[in-house]
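Undergrad: Here is a sequence with its predicted model. Questions after.
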Amino acid sequence: MINLIGLAVLGFMIADWFQPLQWLKNKLKVFNWPLIGTHLYCVKCCSFWLALIITQSLYSAAIVSIFGYIIKFIVDKIEDYYHGN
């Protein structure tokens, strides 16, 4: 279970949080790449595909995708609270 949460955090970092990677994705204009570009900015998609590649289990990948969505939701709420929005 802890491994699945770790994959969700990693998917969240790849998609949204880790700033050096975000800078590189923006510099390379990854969003415009066909087929995979938009998925690298979506936490649910990134977590799902990362987990599917690593665990090779559709069930685990679905759970990791849900965990990734929950992590993003919690981080967004915390950021909203501390930024006064």
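TA: Looks like it arrived, so ask away. Worth saying up front: this structure is predicted, and the values here are computed from it rather than measured.
Undergrad: Pull the number of nearby residues for L50.
TA: By other C-beta atoms under 10 Å, 20 other residues sit near L50. For every residue, glycine as well, the C-beta is placed using N, CA and C.
Undergrad: same question but for S65, I mixed them up
TA: S65 has 24 nearby residues by other C-beta under 10 Å.
Undergrad: Does the helix or strand harbouring it pack against any helices or strands, and if so which?
TA: Taking DSSP states H and E as the definition, one finds S65 inside helix 58-83. Using 3 or more C-beta pairs under 8 Å, 6 or more residues apart in numbering; DSSP states H and E, the elements in contact with helix 58-83 are helix 2-12, helix 43-55.
Undergrad: among the ones you listed, which is the most enclosed?
TA: helix 43-55 (a mean of 20; mean count of other C-beta atoms under 10 Å).
Undergrad: what's the spacing between it and its chain's center?
TA: 8 Å (C-alpha atoms, centre = their mean, to the nearest Å).
Undergrad: Contact partners for the residue lying closest to I70 once chain neighbours are set aside?
TA: Leaving aside its chain neighbours, I70 sits nearest to A8 (7.9 Å; criterion: C-beta to C-beta, 6 or more residues apart in numbering). Shown in contact with A8 (C-beta atoms under 8 Å, 6 or more residues apart in numbering): S47, A51, V64, S65, F67, G68, I70, I71.
Undergrad: just W17 next, same as before
TA: Applying C-beta under 8 Å, 6+ apart, the residues near W17 are V75.
Undergrad: returning to what we had before: adding distance to W23 and mean pLDDT, write the helices and strands packed on helix 58-83 out as TSV.
TA: Formatted as TSV, these follow (distance: least, C-beta to C-beta, whole Å; pLDDT from 0 to 100):
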stretch	distance to W23	mean pLDDT
helix 2-12	17	88
helix 43-55	17	90
